[in-house]
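In: Quick one, what's the 3D model for this:
(chains A and B)
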Amino acid sequence: MTTPLCDLTGAELSAQLATGETSAAQILASSHARIAAVDDDVRALLTPTPQLASERAEELDVYLSTGAPQSPAAGIPVALKDVLTTNGIRTTCGSLILESYVPPYDATAWTRLSGAGAVLVGKTNCDEFAMGSSNENSAYGPVHNPWDLERVPGGSSGGSAAAVAAGEAVWALGTDTGGSVRQPASLCGVVGLKPTYGRISRYGLIAFASSLDTVGTFTRSVRDAGSMLQVLAGHDVRDATSLDVPVPDYGAHLDDGVAGLRIGVVSEAFGEGVEQAVAASVRAAIERLAGLGAEVGEVHLPHAAYALSAYYLIAPSEASSNLARYDGVRYGLRAEGEHADSIAMMFATRGQGFGPEVKRRIMLGTYALSAGYYDAYYGQAQKVRTLVIADYEAAFERFDVLVSPTSPTTAFRIGEKADDPMAMYLNDIFTIPANLAGVPAISVPCGLDDGGLPIGLQLTAPALDESTLLRAAHALETELALHLRPPLLDGLGT
Amino acid sequence: MPVEIDVEHVAKLARLQLRDDEKAQLTAQLGQILEHAARVGEVAADDVAPTASPIPRANVYRDDVVEPSLPVDEALRNAPERAGDRFRVPRIAETGS
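Out: As a prediction, the model looks like this:
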């Protein structure tokens, strides 16, 4: 049986489009067939957009038939995490408070992908306001991991990760504030890239924690991650934190290999709490990199142990401020009934509209910023952030990239950690430091555990050095040649 | 030691209406999370400058050029309640008798 189009990579589809072997309409039809076959079980999509997608693919085929220049994104079925605004298409953030919110503008990340010819198949489920590591915090129910439907896909961008793993989309956008692209990529066996903070515009990314939020990509190959980044990266006047620096050609050094590359193994990331299979698989992958000529050594990030604590003060503090905008006045839910005054209406609206995790974080942040506690909590966390950044600076004097597991475990069962917030937060222990420092990191599949669940390896590079990050990740991917495909897809055609 | 926090007071600051069962649960959970978060206090950082953003930036100005704004109907399209060209809200001030 030939591989269904929706299971190919973007690069493979692009090549077929260029020769006329296939069309955007045929690629989309393959995606639509896959969505019909699996999404009742996976539940990755909150709002599918089949009509818009079909019109778009037809337009694109007409355009391509003229022999016009073809972007690597042209005709690629893409899914967007439902925290990125889409003009005229409902954007819920996985929250009841935005259940019927229809944005009047597109997020810049989507404007760029769309402008390059990508075809939107739908908006993906996620933890409410991107707060979570299992996708169980969505007001619209959990996403199921395509590798085992009783397990979580990770989070918060769980729908995007699952959609790409299951072939419902070829590419997807997610957002990564503390690991929300890399951890679900790891648990779903796909490639998840979190670029440098500011590399991709946050305009239209509905804010959770503004100093940490980063748009990221889900693909089934490292090459595709580079292609997506090429389209997405660059300055945007609408985001004052977007970086006004040149965008390199991310494909130029992809095939340069890792001979002579200095790779630092983060010692702290193989200790207590890390599943044996995860540690072993990542260690074995590192051996393979050494076999390819990389210079491998040990590195310490002494303040990483405090990064999780700092994150759970900084992120909720920023969230408590950002989420003040949901007040029942300009958009979103307003609680039904007579309200004594506007303040009473706001209390009722926020009480009804937000789910438990969002309430927890608003409370945490409000407390950490409140009079008498600010210095000890938020202020001290910001100082720890400085030290986490200094750790990376010291590490990158000796190494070109750092390596660790992405997540301490493979996918856990739905419900397993749902009642224990602290256990849930520990999922992000290896991903959070890169957000605090703003440096780029990527999760690449490196194997399966005994239960057949994917394991992810995380590489981290200095700020704006995505080229080296992608180069190392591509070398590893090529060397391992895993070609992961969830058993759920066995026998599915078109 | 779990941190004890006055959930009612914090909820008031956050303008969050909470049910009694939520208050009880949050008291326990936040206490536990803050116990972990308070570990930042173990780090000797008196001489360390705080970091607010990973990318140090000076203030950023856009060009002072007038651009089209969102049309009023578009801006009001998501309003829970509107009155003419305005957002309608429950009363915000005491009314005189």
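
In: my read is A:Ile442 is in a helix, agree?
Out: No. Under DSSP: H, G, I helix; E, B strand; the rest coil, A:Ile442 sits outside any helix and is assigned strand.

In: Can you give me the neighbour number for it?
Out: By the criterion of other CB atoms under 10 Å in any protein chain shown, A:Ile442 has 32 neighbours. For the C-beta atoms, the positions are set from N, CA and C on the backbone; glycine is no exception.

In: got the contact list for it?
Out: A:182, A:191-194, A:222, A:225, A:458-459, A:469-470, A:473 (CB atoms under 8 Å, 6 or more residues apart in numbering or on different chains).

In: Repeat that for A:Tyr203.
Out: Contacts of A:Tyr203 (CB under 8 Å, 6+ apart): A:107-108, A:236, A:238-239, A:242.

In: Could you rank those residues by neighbour count and give me the top one?
Out: Most surrounded of the contacts of A:Tyr203: other CB under 10 Å gives A:Ala107, at 29 neighbours.

In: quick one: secondary structure of A:Leu243?
Out: From three-state DSSP, the assignment for A:Leu243 is coil.

In: For A:Leu52, see how far away it is.
Out: Counting by CB to CB, to the nearest Å, the separation of A:Leu243 from A:Leu52 is 32 Å.

In: who has more neighbours, these two?
Out: A:Leu243 (21 against 16).

In: I'd say that one and A:His235 touch.
Out: Yes. Here A:Leu243 lies in contact with A:His235, judged by CB atoms under 8 Å, at a distance of 6.5 Å.

In: A:Thr2: which element?
Out: Using DSSP states H and E, A:Thr2 is not contained in any helix or strand.

In: Which residue, neighbours along the chain excluded, lies closest to the residue in chain B that chain A sits nearest to?
Out: Ranking the residues of chain B by distance to chain A (CB to the nearest CB) places B:Pro54 first, at 2.6 Å. Residue nearest to B:Pro54 in three dimensions, not counting chain neighbours: A:Gly438, with 2.6 Å by CB to CB, 6 or more residues apart in numbering or on different chains.

In: so that neighbour makes contact with A:Pro195?
Out: No. Counting by CB under 8 Å, A:Gly438 stays clear of A:Pro195, with 9.9 Å between them.

In: From A:Tyr367, how far out is the residue positioned nearest the centre of chain B?
Out: Closest residue to the average C-alpha location of chain B: B:Ala14 at 6.8 Å, with CA atoms, centre = their mean. For B:Ala14, the distance to A:Tyr367 (CB to CB) stands at 9 Å.

In: hmm, back to that, compare A:Gly438 and A:Pro195 (neighbour count), which wins?
Out: Neighbours were counted for A:Gly438 and for A:Pro195 using other CB under 10 Å; A:Pro195 has more, 29 against 25.

In: give me the element A:Leu402 is part of.
Out: Counting by DSSP H and E, A:Leu402 is found in strand A:401-405.

In: Next one, pLDDT for residue 37 please.
Out: Unless you meant another one, I'm taking chain A. According to the prediction, A:Ala37 has pLDDT 97.

In: Chain B was what I was after
Out: 95.

In: Please report the distance of it from B:Ile5.
Out: Distance from B:Ala37 to B:Ile5, by CB to CB: 12 Å.

In: Counting neighbours around each, name which of the two comes out higher.
Out: B:Ala37 (27 against 18).

In: contacting residues for the more buried one?
Out: A:309-310, A:312-313, A:364, A:368, A:377, A:381.

In: So which other helices or strands are in contact with the helix or strand bottoming out on mean pLDDT in chain A?
Out: For chain A, the helix or strand with the lowest mean confidence is helix A:421-425, at a mean of 89 (criterion: mean pLDDT, DSSP states H and E). Judged by 3 or more CB pairs under 8 Å, 6 or more residues apart in numbering or on different chains; DSSP states H and E, helix A:421-425 is in contact with helix B:20-37.

In: Could you find the closest non-adjacent residue to residue 18?
Out: No chain in the question, so chain A it is. Closest residue to A:Ala18 apart from its sequence neighbours, by CB to CB, 6+ apart: A:Gln70 at 6.0 Å.

In: You answered for a different chain; I wanted chain B.
Out: Using CB to CB, 6+ apart, the closest residue to B:Leu18 is B:Ala11 (5.1 Å).

In: same question, B:Glu4
Out: Per CB to CB, 6+ apart, closest to B:Glu4 is B:Gly31, 6.2 Å.

In: next one: A:Ser23
Out: Nearest to A:Ser23 is A:Asp61, by CB to CB, 6+ apart, at 4.9 Å.

In: With A:Gln230 instead?
Out: A:Tyr250 (5.1 Å).

In: Show me what residue of chain A gets nearest to chain B.
Out: A:Gly438 (2.6 Å).

In: Can you name the residues that contact that residue?
Out: Applying CB under 8 Å, 6+ apart, the residues near A:Gly438 are A:196-198, A:389, A:463, B:53-55.

In: Tell me, how many residues neighbour the residue nearest to A:Leu243 when sequence neighbours are not counted?
Out: Computed as CB to CB, 6+ apart, the closest residue to A:Leu243 that is not its neighbour in sequence is A:Gly198, at 4.0 Å. Per other CB under 10 Å, the neighbour tally for A:Gly198 reads 25.

In: Go ahead and confirm A:Gly198 touches A:Ser242.
Out: Yes. When contacts are counted by CB under 8 Å, A:Gly198 is listed as touching A:Ser242 (5.4 Å).

In: so where's the stretch 351-494 of chain A shaky on pLDDT?
Out: A:494 (pLDDT under 70).

In: right, and A:Leu489 touches A:Asp7 too?
Out: Yes. Under the criterion of CB under 8 Å, A:Leu489 makes contact with A:Asp7 at 7.1 Å.

In: what residues do the two have in common as contacts?
Out: By CB under 8 Å, 6+ apart, the residues touching both A:Leu489 and A:Asp7 are A:Gly167.

In: partner residues bridging A:Pro454?
Out: A:Leu448 (DSSP bridges).

In: Enumerate every residue touching it.
Out: A:Pro454 sits in contact with A:147, A:186-189, A:410-411, A:445, A:447-448, A:484, where contact means CB under 8 Å, 6+ apart.

In: Pull out the buried residues from stretch B:81-97.
Out: Of all the residues in stretch B:81-97, those buried under the rule 16 or more other CB atoms under 10 Å in any protein chain shown are B:82, B:89-90.

In: again, but for stretch B:34-43
Out: B:34, B:36-38, B:40, B:43.

In: Pull the most distant pair out of the contacts of A:Tyr203.
Out: A:Ala107 and A:Ser242 (12.3 Å; CB to CB).

In: and for the two, which residues touch both?
Out: Between them, A:Ala107 and A:Ser242 share the contacting residues A:201, A:203, judged by CB under 8 Å, 6+ apart.

In: tell me the angle of the helix or strand hosting A:Gln458 relative to strand A:401-405?
Out: Per DSSP H and E: A:Gln458 is located in strand A:454-460. Orientation of strand A:454-460 against strand A:401-405 (axes from the mean of the first three to the mean of the last three CA atoms, to 10 degrees) gives an angle of 150 degrees.

In: Lovely, talk soon.
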